[in-house]
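**Q** only the shape, not the letters, is given here:
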């Protein structure tokens, strides 16, 4: 093991310890809001890292990932509503309020939608792919707006967060630790995917689809598989978000949400494992600070984004590295 | 029958508006290789500038000048300050930079005009209705939108196929590097094309004023529909943009007009209305999916 990877391992462990200790620290300093902030960062971190798999590693610029995020949220919401009303969905699927049921269901359903949307969108590439993923996400947005049975425009309120046997899910700290566990499992799996043969093929596809096709790889199938995995990750994040907010609404699928996820990816650094998590942290903190300061926080976010895109090559991570390098 | 014709005209009117947007978007992409999300923002700037000038002076003609001027200036400034740095970048950077422009412009407009939608009075000259056929009465304003849209389409056709600028545009969309190598001032050409696209978007925004509410976010609404048009028509093809705009305009209008009624035949009224509204707003996206299955590059792809 060389020096830089030892350093990374130590850094990861340090961040992990800090994340585990964070709620205790937040309570001790009398700032419980910090825990909620960190929960949101973890959830968006999962969503952004999922997007990064297709966007950063695979070079497929999906502008519709909020769709899978929203579907994940709605699966939790709809299952809860049927559980509360006691009537099965479509007449045969019983509702549920068990997290260990709803999370896998959310992941599966968003994966299925990702397979459908991906199968169509991946017939194109480049700029058309961007437009098409955006359009499909917008279509699902309109679908959920028109579903009056599930709240339509107003969204779907989930009275109580899903239950996990042995845990008190009404406690925000518990939810934080549940999200942290989910994020941990997710990032370990993602790390395995990225460093597998499959991950290498993905990077190869970003560099040159033609070359990968020339050495005999089924390009379309690899891209679709990555797209489905990515959609599943976003669905997981959406399901966690619905539990955290106890609310699922069409806003989760709005196209600006897709944009925000992309912003997180680029802020953190495209094509890095933990970059999106850092990007999510930067974005959420920036949003929170600016929103507390002025009603017009989007102006600040826009300006920062424009600066990052035009003048930093590789996001905040790269900028920090370069500044550090200049000083040294 | 007259109702059907009236809906056809409504569809045509939506279609030409979409064409004004799609022509600019597809030109900018075809020539400059830029995906410009902020195209909808220029539409919004046009609408707001027009509203402001009409409100101040009471003259629709001055409003036209104001809207076109503001849109063109916004476009050219945008091109020189931001877009120019993005030609050599990948699509991801272009999407993000133009997304940032959307956030900034939307927020600026909110600061200047507030969140309340503004309403623009019809120009008095075009306020009435005419009887096109016995029993078919149609508002003059909507009719003039159709006429203006078709005139612009014809003008663009002449500009692109019969003039020197148009020749450069066509050459640029086929092989950018070759045009540059032949000594054409490509920067100038880019600015002209971008300005032209902005002008068309501003015109669309201005004309939308009296029939839609002028509000923040109006640009993104039409932008996403415009993407559908561009994808169906084939990216980079003006001819494709024209036909796809009309198809989308008519299909969308017809679905919204007739689907709830059809559904009411087979289900309860309120449910039929909700479902009908849902399916009709999804209709154009389903159409897009269908076209993609048959022709992944769009109906009128510029190059195969």
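**A** Cool, the structure landed. Predicted, not measured: the structure shown is a model, and the values here were computed from it.
**Q** in stretch B:256-268, what counts as buried?
**A** B:256, B:257, B:259, B:260, B:263, B:264 (16 or more other Cβ atoms under 10 Å in any protein chain shown). For the C-beta atoms, the positions are set from N, CA and C on the backbone; glycine is no exception.
**Q** mind checking which of those residues are in helices?
**A** Among those, the members falling in helices (DSSP state H) are B:256, B:257, B:259, B:260, B:263, B:264.
**Q** who's in contact with the closest residue to the fifth one other than its chain neighbours?
**A** Yep, that's residue B:263 we're talking about. Sequence neighbours aside, residue B:272 is the residue nearest to residue B:263 in space, at 3.8 Å (criterion: Cβ to Cβ, 6 or more residues apart in numbering or on different chains). Neighbour list for residue B:272: B:260, B:263, B:264, B:266 [criterion: Cβ atoms under 8 Å, 6 or more residues apart in numbering or on different chains].
**Q** for the residues you listed, work out which two are farthest apart.
**A** With Cβ to Cβ as the measure, no two of the contacts of residue B:272 lie farther apart than B:260 and B:266, at 11.6 Å.
**Q** just for chain B, where's the confidence low?
**A** Scanning chain B for pLDDT under 70 picks out B:302-304.
**Q** of all of it, which residue lies closest to chain A?
**A** Nearest to chain A in chain B, going by Cβ to the nearest Cβ, is residue B:278, at a distance of 2.5 Å.
**Q** my guess is that residue contacts residue A:146, does it?
**A** Yes - using Cβ atoms under 8 Å, residue B:278 is in contact with residue A:146, at 2.5 Å.
**Q** where's the residue of the stretch 151-300 of chain A found nearest chain B, which helix or strand?
**A** Across the stretch 151-300 of chain A, the shortest distance to chain B (Cβ to the nearest Cβ) belongs to residue A:299, at 4.1 Å. Per DSSP states H and E, residue A:299 falls inside helix A:297-311.
**Q** sorry, back to before: residue A:286: which of the buried residues of stretch B:256-268 is nearest?
**A** Among the buried residues of stretch B:256-268, residue B:256 lies closest to residue A:286 (Cβ to Cβ), at 39.7 Å.
**Q** tell me the contacts of the closest one?
**A** B:277, B:280, B:281.
**Q** and for residue B:144?
**A** Residue B:144 sits in contact with residue B:126, where contact means Cβ under 8 Å, 6+ apart.
**Q** host element of it?
**A** Secondary structure assignment for residue B:144, by DSSP H and E: helix B:140-162.
**Q** need the pLDDT of the closest residue to chain B within the stretch 201-328 of chain A.
**A** Proximity of the stretch 201-328 of chain A to chain B (Cβ to the nearest Cβ) peaks at residue A:302, 3.3 Å away. Residue A:302 is assigned a predicted lDDT (pLDDT) of 90.
**Q** excluding sequence neighbours, find me the nearest residue to it.
**A** residue B:103 (3.3 Å).
**Q** please apply the same query to residue B:225.
**A** residue B:18 (6.3 Å).
**Q** what kind of secondary structure is the one you found in?
**A** Three-state assignment for residue B:18 (DSSP: H, G, I helix; E, B strand; the rest coil): helix.
**Q** wait, isn't it in contact with residue B:222?
**A** Yes - contact criterion Cβ under 8 Å: residue B:18 and residue B:222 qualify, at 7.3 Å.
**Q** could you pull out the helices in chain A for me?
**A** Along chain A, the stretches classed as helices by DSSP H are A:3-28, A:33-52, A:66-85, A:99-121, A:126-146, A:172-194, A:197-207, A:209-214, A:219-245, A:255-268, A:275-293, A:297-311, A:315-327.
**Q** for chain B, same thing?
**A** B:2-32, B:39-57, B:60-81, B:91-113, B:140-162, B:164-174, B:176-181, B:186-208, B:218-233, B:238-264, B:269-294.
**Q** who wins for proximity to residue A:34 among those helices?
**A** helix B:91-113 (26.5 Å).
**Q** pull out the buried residues from that closest one.
**A** Applying 16+ other Cβ under 10 Å to helix B:91-113 flags B:91-110, B:113 as buried.
**Q** circling back: spit out the contact partners of the residue of chain B closest to chain A.
**A** A:142, A:143, A:145, A:146, A:147.
**Q** can you check residue B:169 too?
**A** Residue B:169 makes contact with B:27, B:31, B:160, B:189, B:193 under the criterion Cβ under 8 Å, 6+ apart.
**Q** returning to what we had before: may I see the helices of chain A organised as JSON lines, with mean neighbour count added?
**A** Formatted as JSON lines, the helices of chain A follow (neighbours: other Cβ atoms under 10 Å in any protein chain shown):
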{"stretch": "helix A:3-28", "mean neighbour count": "12"}
{"stretch": "helix A:33-52", "mean neighbour count": "24"}
{"stretch": "helix A:66-85", "mean neighbour count": "26"}
{"stretch": "helix A:99-121", "mean neighbour count": "21"}
{"stretch": "helix A:126-146", "mean neighbour count": "23"}
{"stretch": "helix A:172-194", "mean neighbour count": "17"}
{"stretch": "helix A:197-207", "mean neighbour count": "16"}
{"stretch": "helix A:209-214", "mean neighbour count": "13"}
{"stretch": "helix A:219-245", "mean neighbour count": "25"}
{"stretch": "helix A:255-268", "mean neighbour count": "26"}
{"stretch": "helix A:275-293", "mean neighbour count": "20"}
{"stretch": "helix A:297-311", "mean neighbour count": "19"}
{"stretch": "helix A:315-327", "mean neighbour count": "14"}
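**Q** good, we can wrap up now.
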